[in-house]
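> Let me see the structure of the following:
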Amino acid sequence: MVMEIKDYYELAEKRLGERRYTHSRNVAKAAVKLALKYGEDPIKAETAGILHDITKEVNTENQLQIIGSGGIILDDICKKSPQLLHAITGMIYCRDTLGINDDDILNAIRYHTTGRANMSLLEKIIFIADFISDERDYPDVDIMRAECEKSLEDGMLYGLGFVIPDLVDRKRAVHPDAIAAYNELVLNK
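Coordinates of the predicted model:
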């Protein structure tokens with residue numbers, strides 16, 4: 001089943017509440033802008049952007065079923081961090097239900113919450129677009145947006161430097177993929 005970008009917007013609007021749909025539209029918009037700036041395919045960026053949270057509002061029990069049927073084995077952190085599951089289930093849904101077979105789009109959805117080492121250009125774009133979408137108003141969002149204008153790596157480093165201490169402060173687990181992404185960025189600076 002081949003879908004056009006407009007179909008993904010319609011699907012997201014049906015599956016997501018108004019606030020989350022607005023966020024997803026804004027992530028798609030930010031992803032296109034970053035793609036054009038940094039030389040990525042804007043259609044791939046828009047596709048991953050509009051679909052990145054496609055399973056965010058699915059309950060945890062159903063997400064675990066999707067993961068089981070999708071052949072993914074969760075690590076211990078994901079098992080105890082339900083907020084990370086939607087990235088995995090979103091990738092599975094896009095692959096198995098929507099028939100998306102572009103690994104770059106699938107990985108951009110899969111790693112948009114944690115990041116990882118050796119991220120592709122598209123993966124970095126979706127990770128950052130999720131941070132800087134128009135409705136975001138967290139402290140220092142303008143600094144994050146400015147860092148992204150310098151380079152994707154500066155934006156990612158700033159974003160991870162924001163998220164990791166926040167997780168530590170809240171006594172939440174930090175996924176090893178986030179640490180690996182951060183370390184790679186610092187070591188290659």
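> Tell me the spacing between K189 and D166.
The spacing between K189 and D166, counted by C-beta to C-beta, to the nearest Å, is 21 Å. No exception for glycine: its C-beta is placed from N, CA and C like everyone else's.
> out of the two, which sits in the busier spot?
Higher neighbour count among K189 and D166: D166, with 12 against 8, using other C-beta atoms under 10 Å.
> which SSE is the more buried one in?
If you go by DSSP states H and E, D166 is part of helix 152-169.
> And that helix, what's buried?
Applying a neighbour-count criterion of 16 or more other C-beta atoms under 10 Å, one finds 152-160, 162-164 buried in helix 152-169.
> helices or strands up against the helix or strand following it?
Stepping forward along the backbone from helix 152-169, the first helix or strand reached (DSSP H and E) is helix 176-187. Packed against helix 176-187, as judged by 3 or more C-beta pairs under 8 Å, 6 or more residues apart in numbering; DSSP states H and E, are the following elements: helix 152-169.
> list the contacts for the residue lying closest to I100 once chain neighbours are set aside?
The spatially closest residue to I100, leaving aside those adjacent along the chain, is C94, at 4.5 Å (C-beta to C-beta, 6 or more residues apart in numbering). Contacts were defined as C-beta atoms under 8 Å, 6 or more residues apart in numbering; by that measure C94 touches 51, 54, 100, 105-106, 109.
> about what we covered before: which other residues reach the helix holding D166?
Against helix 152-169 from outside (C-beta under 8 Å, 6+ apart): 34, 38, 115, 119, 121, 124-125, 127-128, 131-132, 140, 143-144, 147-148, 173-174, 178-179, 181-182, 185-186, 188-189.
> Okay, A30 and V168: tell me how far apart.
Here the distance between A30 and V168 works out to 27 Å (C-beta to C-beta).
> Same question for A117.
Taking C-beta to C-beta, one finds A117 at 20 Å from V168.
> Quick one: classify the closest residue to Y111 other than its chain neighbours as helix, strand or coil.
If you skip the residues right next to it in sequence, Y111 has E123 as its closest partner in space, 5.5 Å away by C-beta to C-beta, 6+ apart. Following DSSP: H, G, I helix; E, B strand; the rest coil, E123 is assigned to helix.
> any low-confidence regions in the chain?
1-2 (pLDDT under 70).
> Report the contact partners of the spatially most central residue of the chain.
Computing the C-alpha centroid of the chain and ranking residues by C-alpha atoms, centre = their mean puts H112 first, at 2.2 Å. Applying C-beta under 8 Å, 6+ apart, we find H112 in contact with 48, 52, 87, 123, 126-127, 130.
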